[in-house]
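[1] predicted structure and sequence below. I'll ask about it afterward.
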Amino acid sequence: MIRKLSSKDANDIWEIINEAARAYKGIIPDDRYQEPYMTKEELRREMRSMNFFGWREKDELIGVIGFQPVSDVTLIRHAYVLPDYQRKGIGTILLQYMRQLTKTKYLLVGTWADADWAIEFYQKHGFKLMPSKDELLGKYWHIPQRQVDTSVVLGIEVLHSG
């Protein structure tokens with residue numbers, strides 16, 4: 001079941017992000033990986049600028065996705081599923097839910113260039129690698145240049161009915 005998350009869910013969100021992000025260790029550049037991957041203060045800051053939704057099973061939060069409207073696009077932020085629940089369709093359900101909520105014409109997601117599994121997941125759902133990733137990362141995200149250099153942006157046009 002999907003529900004909107006709040007600050008009361010911050011610890012659970014934090015645990016999911018950090019447990020799932022361990023997959024990046026040894027894959028992304030060492031200077032971009034840290035443990036915890038996201039501090040609690042970083043998460044609190046992020047939660048002030050975006051909405052999080054989560055998937056629960058048996059009263060346990062097992063997957064999260066954030067979205068952030070920025071100007072004329074919507075960004076997918078911090079989409080993670082606990083490792084034991086991955087490859088069971090939860091990420092797909094959360095992504096489809098985000099597409100329904102999106103009011104802008106484009107939905108964008110940034111991820112690490114070496115995170116092949118993440119890129120393949122989004123491509124499987126119709127997202128395309130954006131050729132202007134440096135421009136997009138500079139316009140819509142606030143990240144260090146080193147992260148820009150080691151990331152990609154995927155995008156999809158969202159078709160709204162009506």
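    Ah, there it is. Model, not experiment: these values are computed from the prediction.
[2] could you report the pLDDT at residue 162?
    We have a pLDDT of 51 for residue 162.
[3] got it, and residue 72?
    93.
[4] element containing the closest residue to it other than its chain neighbours, please.
    Closest residue to residue 72 apart from its sequence neighbours, by Cβ to Cβ, 6 or more residues apart in numbering: residue 104 at 5.9 Å. Every residue, glycine included, has its C-beta placed from N, CA and C. According to DSSP states H and E, residue 104 maps onto no helix or strand at all.
[5] contacting residues for residue 104?
    69, 72, 73, 74, 158 (Cβ atoms under 8 Å, 6 or more residues apart in numbering).
[6] and what of residue 44?
    Here residue 44 is in contact with 7, 10 (criterion: Cβ under 8 Å, 6+ apart).
[7] ok, residue 144 to residue 77 distance?
    16 Å (Cβ to Cβ, to the nearest Å).
[8] neighbour count for the two, which is higher?
    Shown here are residue 144 and residue 77; by other Cβ atoms under 10 Å, residue 77 has more neighbours (20 against 10).
[9] list of residues touching the strand or helix carrying that one?
    Secondary-structure assignment from DSSP H and E places residue 77 in strand 73-81. Strand 73-81 is contacted by residues 13, 16-17, 19-21, 38, 46, 50, 52, 55, 62-69, 90-91, 94-95, 98, 102-110, 140-141, 155, 158 when judged by Cβ under 8 Å, 6+ apart.
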